[in-house]
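>>> Sequence first, then the predicted structure, then my questions.
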Amino acid sequence: MSEEKGGPAILVLEDGRVFHGHSYGATGETFGEAVFNTGMTGYQETFTDPSYHRQIVVMTAPHIGNTGVNDEDTESERIWAAGCVVREPARAFSNWRAERSLEEEMRSQGVVGIALKGTRALTRHLRDRGAMRAAVSTVETDPQKLLARILEQPTMAGSDLTSEVSTDRAYEVAPPEGVQARFHVVALDLGIKAMTPHRLAERGCRVTVLPASSTAEDVLALDPDGVFFSNGPGDPATADGPVATMRGVLEAGKPLFGICFGNQILGRALGLDTYKLTFGHHGINQPVRDTRSGRVAITGQNHGFAVDAPIDRPFDTDHGRAEVSHIGLNDQVVEGLRLLDRPVISVQFHPEAAAGPHDAAALFDEFVDLMSAQPAPAAR
Ligand SMILES: NC(=O)CC[C@H](N)C(=O)O
């Protein structure tokens, strides 16, 4: 079970800063936006979250790989993180559910990583200068040559990535045995995490997951009781297709719930703008305040963009009055939206909690309540 230290590897940032370390996972080269994640647990869920597509994830927790990986906690069929940066890989993994080591998993999937002592310096650099393009290489030894190629890569701002991660065919997630299907939810897969339809299914929803390219007509043709817009990678400002779909769903008056990218799509569908945060929120220890109840929840988050909306008062939108439902307490960023006269809610954080605390799980109940409050099908 113990792993040998890998050969030399370098991490280069687009501003020219270079970090030296050892290869961890597959050898080779990878490019992406460097972001740091402050989660102390949940590396498997993090690396398999499709929202991390094209991002090199720096784990601030100093010891990664301790519990190996298993076949149950993946949030999608593969590791989507473009690269993994760790301080000290576990030399041995130990957990009763573990199937293999994280490093074995990265190697078999061709995911390049680096183990380096300076993850703290790297994190502070990204916090001060912002998330930026980067590369990890075990083959190129000249940082200047790597830097030249980093500068040729697309930036995250302006990247339209949903079609690269979305399912290409519809599929269903049924309630578990013993739970009756009371509602039919259509979920638009913009990079959906596996836990999300599961959270709906365990509350009595039959979930039909549709490709990101689905139109409002496709969604409404399935006669859903409610519609869900998922998390996903890339810049929400590019997601014109999902925004048009969302507008059609809003016009039909269907109960609607969005998470993360879904919250940003709702913002845009309401006529609000989105913008890039400096270094984003990536971790499972992010406090948010519910603006109605005043209650604070600790949440899992993974976003580099945010919705621009007034946080202190309700406002008019293209689809009626709205308000900010949740505010991030670290930096006052919009963490949720709610329409005041329609059954529509969304959050920027991750109530499905994979990884993360379960503080905000009641949001799934709130969505189910919004569907329950609709007139019965016969009366519609
Ligand atoms: N997890 C997500 O859905 C992320 C949304 C978007 N890609 C962002 O970075 O803000």
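Alright, I've got the coordinates.
>>> just the strands in the stretch 251-380 of the chain please.
Counting by DSSP state E, counting those that start in this stretch, the stretch 251-380 of the chain has strands at residues 256-259, 273-290, 296-308, 315-317, 320-328, 334-339, 344-347.
>>> want to throw those strands into JSON lines with mean neighbour count, mean pLDDT and distance to the ligand?
Quick note: C-beta positions are derived from backbone N, CA and C, even for glycine. Formatted as JSON lines, the strands of the stretch 251-380 of the chain follow (neighbours: other CB atoms under 10 Å; pLDDT from 0 to 100; distance: least, CB to the nearest ligand atom, whole Å):
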{"stretch": "strand 256-259", "mean neighbour count": "28", "mean pLDDT": "98", "distance to the ligand": "7"}
{"stretch": "strand 273-290", "mean neighbour count": "19", "mean pLDDT": "98", "distance to the ligand": "6"}
{"stretch": "strand 296-308", "mean neighbour count": "22", "mean pLDDT": "98", "distance to the ligand": "3"}
{"stretch": "strand 315-317", "mean neighbour count": "15", "mean pLDDT": "98", "distance to the ligand": "20"}
{"stretch": "strand 320-328", "mean neighbour count": "21", "mean pLDDT": "98", "distance to the ligand": "13"}
{"stretch": "strand 334-339", "mean neighbour count": "25", "mean pLDDT": "98", "distance to the ligand": "11"}
{"stretch": "strand 344-347", "mean neighbour count": "27", "mean pLDDT": "98", "distance to the ligand": "11"}
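>>> For Pro8, find the nearest of those.
Of all the strands of the stretch 251-380 of the chain, the one in closest proximity to Pro8, counting by CB to CB, is strand 273-290 (27.2 Å).
>>> what separates the closest one from the chain centre, distance-wise?
Averaging C-alpha positions (CA atoms, centre = their mean, to the nearest Å) puts strand 273-290 11 Å from its chain's average.
>>> Pairing partners for that strand, with directions?
Its sheet considered, strand 273-290 pairs with strand 296-308 (antiparallel), strand 320-328 (antiparallel) by DSSP bridges.
>>> Show me the contact partners of the last one.
Under the contact criterion CB atoms under 8 Å, 6 or more residues apart in numbering, strand 320-328 has outside partners 270, 281, 286-292, 301, 309-311, 313-316, 333-342, 345, 347-349.
>>> what angle sits between it and strand 334-339?
Strand 320-328 runs at 160 degrees relative to strand 334-339, counting by axes from the mean of the first three to the mean of the last three CA atoms, to 10 degrees.
>>> which parts of the stretch 51-200 of the chain sit against the ligand?
By the rule CB under 6 Å from any ligand atom, the part of the stretch 51-200 of the chain lying against the ligand is Ser51.
>>> which SSE is Asp218 in?
helix 216-221 (DSSP states H and E).
>>> What average pLDDT does that helix get?
Helix 216-221 comes out with an average pLDDT of 98.
>>> Buried ones in it, by neighbour count?
Within helix 216-221, the residues that count as buried by 16 or more other CB atoms under 10 Å are 216, 218-220.
>>> Would you verify that His184 is located in a helix?
No: using DSSP: H, G, I helix; E, B strand; the rest coil, the assignment for His184 is strand, not a helix.
>>> Pipe the strands of the stretch 251-380 of the chain into JSON lines and attach distance to Thr208 per row.
Converted to JSON lines, the strands of the stretch 251-380 of the chain look like this (distance: least, CB to CB, whole Å):
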{"stretch": "strand 256-259", "distance to Thr208": "15"}
{"stretch": "strand 273-290", "distance to Thr208": "27"}
{"stretch": "strand 296-308", "distance to Thr208": "25"}
{"stretch": "strand 315-317", "distance to Thr208": "28"}
{"stretch": "strand 320-328", "distance to Thr208": "26"}
{"stretch": "strand 334-339", "distance to Thr208": "23"}
{"stretch": "strand 344-347", "distance to Thr208": "19"}
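>>> Surely Leu146 touches Ser137?
Yes: at 5.7 Å, Leu146 and Ser137 qualify as touching, with contact defined as CB atoms under 8 Å.
>>> between those two, which one's more packed in?
Remark: of Leu146 and Ser137, Ser137 carries more neighbours, 25 against 22, as counted by other CB atoms under 10 Å.
>>> What about the nearest residue to the more buried one once chain neighbours are set aside, how many residues nearby?
Distances taken as CB to CB, 6 or more residues apart in numbering put Glu29 closest to Ser137, at 4.2 Å, once the chain neighbours are dropped. Glu29 has 17 neighbouring residues, counting by other CB under 10 Å.
>>> ditto for the one 3 residues further on
Gly32 is surrounded by 22 other residues when neighbours are defined as other CB under 10 Å.
>>> Same question for Lys117.
14.
>>> Quick check: it vs the ligand, distance?
To the ligand, Lys117 is 28 Å away according to CB to the nearest ligand atom, to the nearest Å.
>>> can you offset everything so residue one is 111?
Sure, I'll start counting at 111 from here, so that last one is Lys227.
>>> picking up where we left off before, quick one: common contacting residues for Leu256 and Ser247?
Common contacts of Leu256 and Ser247, defined by CB under 8 Å, 6+ apart, comprise 120, 122, 139.
>>> What values do phi and psi take at Gly149?
In terms of degrees, to the nearest 10, the main-chain angles of Gly149 are phi -70, psi 130.
>>> which element is the residue nearest to Pro160 when sequence neighbours are not counted on?
Sequence neighbours aside, Gly301 is the residue nearest to Pro160 in space, at 3.7 Å (criterion: CB to CB, 6+ apart). Per DSSP H and E: Gly301 is located in neither a helix nor a strand.
>>> what's near enough to touch Met242?
Met242 makes contact with 123-125, 143-144, 236, according to CB under 8 Å, 6+ apart.
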